[in-house]
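In: Have a look; sequence and predicted model below, questions after that.
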Amino acid sequence: MVLIALLAAGFMGVDTDTTVAYQAFTPLLFLLLISLAFSLTFRGRFSASRVLPRFGTAGQPFVYSIFLRNQGRRMETDLTLRENVGDSRPSFADWKTMQLADQRRRRSFRISEGGRPNPFTPAALKSTPVPIVRSGEEVEIRAEFRPLRRGVIRLRGLSVARPDPFGLCRAFCNVPAPQSVLILPRRYLLPPIALPGVMKYQQGGVALASSVGQSDEFVSLRDYRRGDPLRHIHWRSWAKTGKPIVKEFEDEFFVRHALVLDTFTKDPRSDAFEEAVSVAASFASAIELQETLLDLLFIGTEAYCFTAGRGLAHADQMLEILASVKPCSDKSFATLEHLVLDHAAGVSSCICVLLDWDERRREFVRELQAMDVPLLVLVITEPGHRTAIDPGPMQHQRERFHVLQAGKIEEGLTDLVL
């Protein structure tokens, strides 16, 4: 307001004979110069450290502690603190891909220009007041951080600001404190569901999930055969019989689910893709993994298959992987199709989170049905999609086929009953 008044007084005060606005120019200019001089005298010296949580969730703010130590010789008052986030500007290739996708979307009248936030902005930041800190003293500050997107957010340091006595200018002191925090995808509350499928034979049994080698399920003793591992020798029986005896184990049957994530989209800002990742994360965190296995299958720079459950890995590790998933635009859907079909013989059921329902994806579902794999198919559409989708090969299993619209995922998941 002072700066605008200064400019207005300068323009209107040119004619000193007909207006007295020029009389305001000098005191306003004097105020700004005094404020600027006070800001130049700020020579604060600080050190800082944070206590960040292990994970955050996109769209959900979390509170953490910042410990700020005054290493200067004077007491500092009226300070504010603000985080400095690492450079989030995209590469030229990413920026060009995003622009081309926006042009295609505008030509199809799917969104209006300017209606979407910047996808490269990692977090919404705000200044936090700092209590009075004396020389050599350390204070604890409770700050709030609201991540806007999933992935790793890198923090460069902190900016300590102090205003001048008039409150017109602020002087800044940058405190280096590099650190990072992993932001997990948003997760939705799923209703209690019982996934279809029966136990299937798994090569290696429980050992596939919890150890290296054969199953730990003991069956009987037998004579040693050439090639048996030495760790299976039953030493007491050998001592009694005088010949090597080994323990025999039996492979087990247990439930194994496959979670298939469709990453094939040419739009890096696709709302449907982000919602698909959130839906996959919701299933990964909701499925009980104590007695089952869960395979996460998707295509990134290469084909990925990550298995969790029964002591092999935890749901948190699967969420960490989903936090870094990116759209795939340089491969075809056939890559994911081959990956899933190679694993289909050993899975009890398959959860397919798809971004489209074209003929190629329908054929993929038909092939899984031909292998007698129970399916749950979720098709994620862009916001505003109103065209009815034909279930196609899921016509006789409509209760296992659901269309979820981005922006209304939570409402759609409430109807998910199996």
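Out: Right, received. Where do you want to start?
In: show me the contacts for Thr19.
Out: 12-13 (Cβ atoms under 8 Å, 6 or more residues apart in numbering). C-betas here are computed from N, CA, C, even on glycine.
In: those helices in the protein, which residues are they?
Out: 2-12, 22-40, 92-107, 207-210, 235-241, 271-286, 315-322, 333-343, 359-370, 409-413 (DSSP state H).
In: Who are the contact partners of Ile321?
Out: Counting by Cβ under 8 Å, 6+ apart, Ile321 touches 296, 304, 306.
In: so what's the second one bridging to?
Out: Each beta-bridge partner of Tyr304 is listed here: Phe298, as defined by DSSP bridges.
In: any idea how far Leu297 is from it?
Out: The gap separating Tyr304 from Leu297 is 7 Å, by Cβ to Cβ, to the nearest Å.
In: For Lys247, find the nearest of the helices of the chain.
Out: Set against Lys247 and scored by Cβ to Cβ, the helices of the chain come closest in helix 235-241, at 8.9 Å.
In: What about Lys247, how many residues nearby?
Out: A count of nearby residues for Lys247, using other Cβ atoms under 10 Å, gives 16.
In: Ok, Ser237 next?
Out: By the criterion of other Cβ under 10 Å, Ser237 has 17 neighbours.
In: residues touching the residue nearest to it when sequence neighbours are not counted, list them.
Out: Spatial nearest neighbour of Ser237, chain neighbours left out: Ile245 (3.8 Å); criterion: Cβ to Cβ, 6 or more residues apart in numbering. For Ile245, the contacting residues are 221-224, 233-234, 237-238, by Cβ under 8 Å, 6+ apart.
In: Against Pro229, how distant is Ile245?
Out: In this view, Ile245 and Pro229 are 14 Å apart by Cβ to Cβ.
In: Need the pLDDT of the residue nearest to Ser237.
Out: pLDDT, Ile245: 89.
In: what about it, distance to Asp223?
Out: If you measure Ile245 against Asp223 using Cβ to Cβ, the figure is 7 Å.
In: Kindly report the same for Ala388.
Out: 67 Å.
In: Ser282 too?
Out: Distance of Ser282 to Asp223, given as Cβ to Cβ: 52 Å.
In: Who has more neighbours out of the two?
Out: Ser282 (20 against 11).
In: how about Arg146, what does it touch?
Out: Counting by Cβ under 8 Å, 6+ apart, Arg146 touches 59-61, 123-125.
In: likewise Thr263?
Out: 273, 298-300, 325-328, 336, 355.
In: Show the buried residues in these.
Out: Those of those that meet the buried threshold are 273, 298-299, 325, 327-328, 336, 355, by 16 or more other Cβ atoms under 10 Å.
In: Pick out whichever of these sits closest to Phe55.
Out: Comparing the buried ones among the contacts of Thr263 against Phe55 with Cβ to Cβ places Val325 closest, at 15.6 Å.
In: how deep is the residue nearest to Thr57 when sequence neighbours are not counted tucked in, by neighbour count?
Out: Computed as Cβ to Cβ, 6+ apart, the closest residue to Thr57 that is not its neighbour in sequence is Leu184, at 5.3 Å. Neighbour count of Leu184, defined by other Cβ under 10 Å: 23.
In: Likewise for the one 4 residues further on?
Out: Here the count is done by other Cβ under 10 Å, and Tyr188 has 20 residues near it.
In: same question, Val340
Out: The number of residues packed near Val340 is 23, by other Cβ under 10 Å.
In: Check Ala101 too.
Out: Neighbour count of Ala101, defined by other Cβ under 10 Å: 18.
In: Next one: the closest residue to it other than its chain neighbours from Phe145, what distance?
Out: Closest residue in space to Ala101, ignoring its immediate chain neighbours: Asp267 at 4.1 Å, by Cβ to Cβ, 6+ apart. Counting by Cβ to Cβ, the gap from Asp267 to Phe145 is 28 Å.
In: With pLDDT and distance to Arg366 as extra columns, can I get the contacts of Arg146 in CSV?
Out: Shown next, in CSV, are the contacts of Arg146 (pLDDT from 0 to 100; distance: Cβ to Cβ, whole Å):
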residue, pLDDT, distance to Arg366
Gly59, 89, 37
Gln60, 92, 39
Pro61, 93, 45
Ala123, 87, 44
Ala124, 85, 45
Leu125, 84, 49
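In: Whichever of those residues count as buried, I'd like them selected in ChimeraX; how would that read?
Out: This is the ChimeraX syntax for the buried subset of the contacts of Arg146, where burial follows 16+ other Cβ under 10 Å:
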select :123,125
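In: got a list of contacts for stretch 385-400?
Out: 196, 357, 362, 365-366, 369, 374-377, 379, 381, 401, 403, 405, 417-418.
In: Any of those residues buried? List them.
Out: Burial by neighbour count, judged by 16+ other Cβ under 10 Å, picks out 196, 357, 362, 365, 374-377, 379, 381, 401, 403, 405 from the contacts of stretch 385-400.
In: Report the lowest-confidence entry in the residues you listed.
Out: When the buried ones among the contacts of stretch 385-400 are sorted by pLDDT, the bottom entry is Pro196 at 61.
In: how many other residues sit next to Thr265?
Out: Per other Cβ under 10 Å, the neighbour tally for Thr265 reads 18.
In: correct me, but it touches Leu354?
Out: No - shown here, Thr265 and Leu354 do not form a contact pair, counting by Cβ atoms under 8 Å, at 10.8 Å.
In: Distance from the chain centre to the biggest strand by length in the chain, please.
Out: For the chain, the strand with the greatest residue count under DSSP state E is strand 170-184. Its chain's C-alpha centre and that of strand 170-184 lie 20 Å apart, by Cα atoms, centre = their mean, to the nearest Å.
In: Could you do stretch 27-47 as well?
Out: On the basis of Cα atoms, centre = their mean, stretch 27-47 sits 42 Å off its chain's mean C-alpha point.
In: Check stretch 345-354 too.
Out: Between the centre of stretch 345-354 and the centre of its chain there are 23 Å (Cα atoms, centre = their mean).
In: And the strands in the stretch 51-200 of the chain, which stretches?
Out: Using DSSP state E, counting those that start in this stretch, the strands found in the stretch 51-200 of the chain span residues 55-57, 62-70, 79-85, 123-124, 128-130, 138-147, 151-163, 170-184, 200-201.
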